[in-house]
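Participant: return atomic coordinates for the entry below.
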Amino acid sequence: MFTKLAKISRYILVASCALYIAGCSTNPTTSQLLNKKHAGLASHNTPFHDEVLKMALMEMETKNYSKAIDLLNSLAEFGDIVAQLNLASAYELNIPANKRAAARWYHRAAKQGSIIAQNKLGLIYANGIGVAKNQDKAIEWFEVAIKQNSPDAMFNLGHLYEQQLSENDDATQSIQWYMKAADANHPLATHHLAKFFAQGKRVELNESLALELYHKAAELGVPDAHYEIGNHYNLGAGVRKNSATAASWFQKGAALGSADAQVALGNLYWHGKGVEKDSVQAAKWFKRAADQGSQEGKQKLAEAYKDSGSVPQDHANTELLTQRISKKRNSKTRGIQW
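Facilitator: All right, here's what the predicted structure looks like:
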């Protein structure tokens, strides 16, 4: 009985809010919308409005996206940027997703000055999610966000230019945007910039600079940066070769979720380099990587179980070995390589 009354009260509140909002005489001005931090998180400061928004955000937290959509629609239509951003996100995450509706609401929020929406819209156009793929529009929206000094947009634009590179193209534009974002301590921009100098592709090889940038990226929380530093020590690239130091860096990256670091740490345990040889620990880290979808992790895990009877079956996951053997057999008849 009380549950039903609570539900009825809730929907009366939502309906009242919608009627109240619809009855307001004027929309907020652009200057009012932009007078909030993070691209104008507009609020009409009414109890109804705030209460419905609060309920919608609670539904988002509990992943009840269809209810969140119902609650957010009227607020978003009235121009509330927080509602628009969350409504777009709810459409993306709902099952089934509505990517077109998500793009439409990101566009509404982007037009009102939301840096988050401008970046998201750039990614949407770059990847053709809910809209026709359009690189020019992607660049346009990233540049709009860059005018508001968005490091994310600087990185996204640099990454877009990098993805467009063919074998002999000049990478100047990509590197320049990565450098600007890295100057603003953008983690991924710093990491990507380091890779350019570590690989010596389209720029002069500079291992010491690459290592310095990887260290900065690691401090900024990039898991794969720990792997890259460990790999430098493992190979002796730009530093004196040291398997124990490599293992330490791989351990840090593996704990943070880097699949490459997990495989690399597993290899050190498997061969006993820099750490005491331990096939069970090796299989544990191979499995961590395999669980993230790493093909190398899956292969190493299958090999660990096949080659060492000391590895417990629950670590090795026999299903992976079966899949691998099956694919090898198929490759002989279908030309598919494992």
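
Participant: buried ones in the helix or strand where residue 261 lies?
Facilitator: Using DSSP states H and E, residue 261 falls within helix 259-271. For helix 259-271, burial by neighbour count (16 or more other CB atoms under 10 Å) applies to 259-270. Every C-beta, even on glycine, is put in place using the N, C-alpha and C of the backbone.

Participant: closest one to residue 216 out of those, please.
Facilitator: residue 261 (17.5 Å; CB to CB).

Participant: quick check: the closest one vs residue 242, distance?
Facilitator: According to CB to CB, to the nearest Å, residue 261 stands 16 Å off from residue 242.

Participant: repeat that for residue 161.
Facilitator: 36 Å.

Participant: between the two, who's got more neighbours?
Facilitator: Comparing residue 161 with residue 242 by other CB atoms under 10 Å, the one with more neighbours is residue 161, at 21 against 16.

Participant: in the stretch 201-338 of the chain, which spans are helices?
Facilitator: Counting by DSSP state H, counting those that start in this stretch, the segments of the stretch 201-338 of the chain that form helices are 207-219, 223-235, 243-255, 259-271, 279-291, 295-307, 313-316, 318-334.

Participant: which stretch among these comes nearest residue 88?
Facilitator: Among the helices of the stretch 201-338 of the chain, the nearest to residue 88 by CB to CB is helix 223-235 (28.0 Å).

Participant: number of residues surrounding the residue nearest to residue 301 when sequence neighbours are not counted?
Facilitator: Excluding the flanking residues, the one nearest residue 301 by CB to CB, 6 or more residues apart in numbering is residue 286, at 4.0 Å. For residue 286, the count of nearby residues is 33 (other CB under 10 Å).

Participant: residue contacts, residue 286?
Facilitator: Shown in contact with residue 286 (CB atoms under 8 Å, 6 or more residues apart in numbering): 262-263, 266, 297, 300-301, 304.

Participant: if we go to 7 Å?
Facilitator: 263, 266, 297, 300-301, 304 (CB atoms under 7 Å, 6 or more residues apart in numbering).

Participant: for residue 263, give its distance to residue 232.
Facilitator: 16 Å.

Participant: do residue 190 as well
Facilitator: Distance, residue 190 to residue 232, by CB to CB: 16 Å.

Participant: per-residue pLDDT, residue 31?
Facilitator: Per-residue pLDDT puts residue 31 at 27.

Participant: got it, and residue 168?
Facilitator: Value listed for residue 168 in the pLDDT field: 75.

Participant: what's the burial count for it?
Facilitator: Neighbour tally, residue 168, other CB under 10 Å: 6.

Participant: and it, backbone torsions?
Facilitator: Main-chain dihedrals, residue 168, degrees, to the nearest 10: phi -110, psi 20.

Participant: try residue 294
Facilitator: phi -70, psi 120.

Participant: just give the closest residue to it, not the sequence neighbours.
Facilitator: In space, residue 294 is closest to residue 259, 4.1 Å off (CB to CB, 6+ apart).

Participant: next, the buried residues of stretch 189-201.
Facilitator: 189-198.

Participant: so which of those residues sit within helices?
Facilitator: 189-198 (DSSP state H).

Participant: kindly indicate which of these lies nearest residue 205.
Facilitator: Of these, the one sitting nearest to residue 205 (CB to CB) turns out to be residue 197, at 7.0 Å.

Participant: pLDDT of stretch 116-123, averaged?
Facilitator: Regarding stretch 116-123, the rounded mean pLDDT is 98.

Participant: name the residues that touch that stretch?
Facilitator: 39, 85, 106-107, 109-110, 138, 141-142, 144-145, 150, 152-153, 156.

Participant: widest-spaced pair of the contacts of residue 286?
Facilitator: Across the contacts of residue 286, the longest distance by CB to CB is 11.3 Å; it joins 263 and 304.
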